[in-house]
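A.B. asks: sequence? don't have it. structure:
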């Protein structure tokens with residue numbers, strides 16, 4: 001009777017854990033040291049179209065792709081050595097390529113050759129980050145890098161003379177631009193600036209910076 005009661009309690013705990021992990025908006029899984037899945041939550045089916053029963057025993061690169069696996073390989077070596085590690089990676093899914101923050105957690109019992117994986121989708125956060133970086137370093141009207149980005153690039157080139165043994169710096173001024181603004185309005189002036197920026201951009205050679 002005690003064994004049946006204990007087994008019943010274990011089943012309840014397993015169901016509870018499955019319900020929690022299935023509703024977490026992230027990949028949650030357990031993988032053995034042969035890099036085969038021994039547990040996965042429902043997110044794997046949503047992202048890859050692989051059911052929880054079918055993924056058991058599958059080799060990790062066959063699920064997340066060879067390219068993503070190669071980027072993660074050195075971290076997998078660390079977690080299998082007993083260290084908790086976190087890193088960012090990209091994974092191809094049914095919904096497109098996702099940028100993920102992955103944490104690898106070793107099993108506390110060293111006799112059990114398994115580790116846990118938690119991968120959070122940070123695609124929107126990365127997109128916002130890239131947008132903020134772009135806006136901080138580019139002129140919003142023309143899309144060209146701004147003065148801050150120019151000075152950083154110039155200093156980097158001057159400090160890295162092996163890759164840039166010589167530089168040419170070209171200054172361009174727009175004569176009569178104030179007259180265009182005064183006669184036709186600033187909206188027209190903006191159109192002129194965009195057109196000039198497009199001409200400069202179209203004349204770029206590889207390695208040029210405007």
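C.D. replies: Looks like it came in fine. In this text the structure is predicted, and so the values were computed from the model without any measurement.
A.B. asks: list the buried residues in the longest strand along the chain.
C.D. replies: In the chain, with assignment by DSSP state E, the single longest strand is strand 96-106. With burial defined by 16 or more other C-beta atoms under 10 Å, the residues of strand 96-106 counted as buried are 98, 99, 100, 101, 102, 103, 104, 106. For every residue, glycine as well, the C-beta is placed using N, CA and C.
A.B. asks: mind giving me the packing neighbours of the lowest-mean-pLDDT helix or strand in the chain?
C.D. replies: Sorting the helices and strands of the chain by mean pLDDT, DSSP states H and E puts helix 2-22 at the bottom, at a mean of 76. Taking 3 or more C-beta pairs under 8 Å, 6 or more residues apart in numbering; DSSP states H and E as contact, there are no helices or strands that helix 2-22 lies on.
A.B. asks: contacts for the helix or strand following that helix?
C.D. replies: Per DSSP states H and E, the first helix or strand lying C-terminal to helix 2-22 is strand 26-32. Strand 26-32 has contacts (C-beta atoms under 8 Å, 6 or more residues apart in numbering) with 21, 37-41, 43-44, 47, 60, 100, 113-121.
A.B. asks: and the angle for strand 26-32 with helix 2-22?
C.D. replies: With axes from the mean of the first three to the mean of the last three C-alpha atoms, to 10 degrees applied, the angle from strand 26-32 to helix 2-22 works out at 130 degrees.
A.B. asks: beyond strand 26-32, next helix or strand please.
C.D. replies: The helix or strand immediately downstream of strand 26-32 is strand 37-40, counting by DSSP H and E.
A.B. asks: and the next helix or strand after that next one, average pLDDT?
C.D. replies: Note on strand 37-40: by DSSP H and E, the next helix or strand toward the C-terminus is helix 43-48. Helix 43-48 comes out with an average pLDDT of 93.
A.B. asks: need the residues that contact the helix or strand just after helix 43-48.
C.D. replies: Per DSSP H and E, the first helix or strand lying C-terminal to helix 43-48 is helix 52-55. By C-beta under 8 Å, 6+ apart, the surrounding residues in contact with helix 52-55 are 37, 39, 40, 41, 42, 44, 45, 63.
A.B. asks: re the thing from before, just the buried subset of the contacts of strand 26-32, written out for PyMOL, thanks.
C.D. replies: Only the buried entries of those go into this PyMOL selection, using 16+ other C-beta under 10 Å:
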select buried, resi 21+37+39+40+41+43+44+47+60+100+114+115+116+117+118+119+120+121
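A.B. asks: walk me through which strands the longest strand of the chain pairs with, and which way each runs.
C.D. replies: Sheet pairing of strand 96-106 (DSSP bridges) gives strand 85-93 (antiparallel), strand 114-121 (antiparallel).
A.B. asks: quick one: distance of that strand to the chain centre.
C.D. replies: Here strand 96-106 is found 9 Å from its chain centre; the criterion is C-alpha atoms, centre = their mean, to the nearest Å.
A.B. asks: same thing with stretch 55-62?
C.D. replies: Chain-centre distance of stretch 55-62: 23 Å, with C-alpha atoms, centre = their mean.
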